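S.K.: Sequence first, then the predicted structure, then my questions.
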Amino acid sequence: MDDLKAKYLEQVAHAADEGALEAIRVAAVGKKGEVALKMRELGKMTPEERQVAGPALNALKNEINSALAAKKVALADAALDERLKTEWLDVTLPGRARRIGSIHPISQVTEEVTAIFADMGFAVAEGPQIETDWYNFDALNIPGHHPARAEMDTFYTHRAEGDNRPPHVLRTHTSPVQIRSMEKTGAPIRIICPGRVYRADYDQTHTPMFHQIEGLAIDKDISMANLKWVLEEFFSAFFGTHVETRFRASHFPFTEPSAEVDIQCSWEGGTVKVGEGDDWLEVLGSGMVHPKVLEAGGIDPNEYQGFAFGIGIDRLAMLKYGIPDLRAFFDSDLRWLRHYGFASLDQPTLHGGLSR
């Protein structure tokens, strides 16, 4: 047994791979191995001989199996070491940066504007982007001969011949939402209406689709003074500095009296700086809601009055963040989006700050 032990332990020690180990196992402790054959000879021995040979054979078998198991682990460790040498990785190197998406300036400015007006008690109202001719024009006191109703300025949805339903348009402003809100809730009311609008125009400062936000406040004692205060508070909060406003008389079918609003600015090196200087920049139209518009919304003009205003969200984004061309907003250029985009989890709030 000592010879068998020495023989197989030496073979195990010099085995080069798991295949050689398996061959040694079969030859030593397999069903027809030398140790197994020795165990079969126990039946021919006397009881006294078996008491000595049996435990010795079991011990030999266990020792060979233990040596085989240990060698197998050693071969596996050696193989892993070789593999690690060929697949070496410096774990101290920085990880690969993952690009994170950003918030589009339009979405960012919409959130900023909403936060400011929400602080002044304005709720957000929305409506369909495909409107009837009545909601988009007639209810807003826009007569049939008005240039805005021409097909060169407005996108109409054409119907099949014989379809007598009223025409539909891609809304040219978010003012129809004001009519729908007045019909739904009546007065008093204080809302803003952000959303997409469509007009047939395309140049550096105009696109066929753009974004607009309109405000409406109706009550029994509202005046132009309230309108001026709301707009000055809004511009000062939005641009982060005190902004003077100037009202100029104008005409809009849905307001009377009407006013175009200019904001204080300066021009230096072709750059507009809002809230300083002696120049003025026209930014929006506003006025007191026309009595016919109140009637169309189901509100008695003899009892209630209010103001309305509308401004382009895209225009606000261009002014605040120095974006020179409106068309770039819709080009889907990743370089532009990464440059002008905003952190997705950094929501603008009045207490936390609007500008980033």
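M.R.: That came in fine, so what should we check first? Residues are numbered from 1 along each chain as shown.

S.K.: just the strands in the stretch 1-150 of the chain please.
M.R.: In chain order, the stretch 1-150 of the chain shows strands spanning 102-103, 123-124, 130-132, with DSSP state E, counting those that start in this stretch as the criterion.

S.K.: averaged over its residues, what pLDDT does the longest one have?
M.R.: The reference is to strand 130-132. Taken as a whole, strand 130-132 has a mean pLDDT of 89.

S.K.: Show me the contact partners of it.
M.R.: 157, 166, 167, 168, 169, 170, 171, 176 (CB atoms under 8 Å, 6 or more residues apart in numbering). Using the backbone N, CA and C atoms, a C-beta is placed for each residue, glycine as well.

S.K.: sorry, back to before: mind putting the strands of the stretch 1-150 of the chain into TSV with distance to residue 146 and mean neighbour count?
M.R.: Listed next are the strands of the stretch 1-150 of the chain as TSV, based on distance: least, CB to CB, whole Å; neighbours: other CB atoms under 10 Å:
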stretch	distance to residue 146	mean neighbour count
strand 102-103	37	20
strand 123-124	29	14
strand 130-132	16	18
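
S.K.: wait, which of those strands is closest to residue 311?
M.R.: Nearest of those to residue 311, taken as CB to CB: strand 123-124 at 15.2 Å.

S.K.: so what strands line up beside the closest one?
M.R.: Strand pairing for strand 123-124, using DSSP bridges, gives strand 189-198 (parallel).

S.K.: avg pLDDT for the partner strand?
M.R.: Averaged across strand 189-198, the pLDDT comes to 93.

S.K.: and it, C-alpha only, in CSV?
M.R.: C-alpha atoms of strand 189-198 as CSV (Å, rounded to 0.1, in the frame of the first residue of the first chain):
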residue,chain,number,x,y,z
ILE,A,189,-61.1,83.1,-13.6
ARG,A,190,-57.3,83.3,-13.7
ILE,A,191,-55.5,81.1,-16.1
ILE,A,192,-52.5,80.7,-18.4
CYS,A,193,-52.7,78.7,-21.6
PRO,A,194,-49.3,77.4,-22.9
GLY,A,195,-49.0,75.2,-26.0
ARG,A,196,-48.1,74.8,-29.7
VAL,A,197,-49.6,77.1,-32.3
TYR,A,198,-49.2,77.1,-36.1
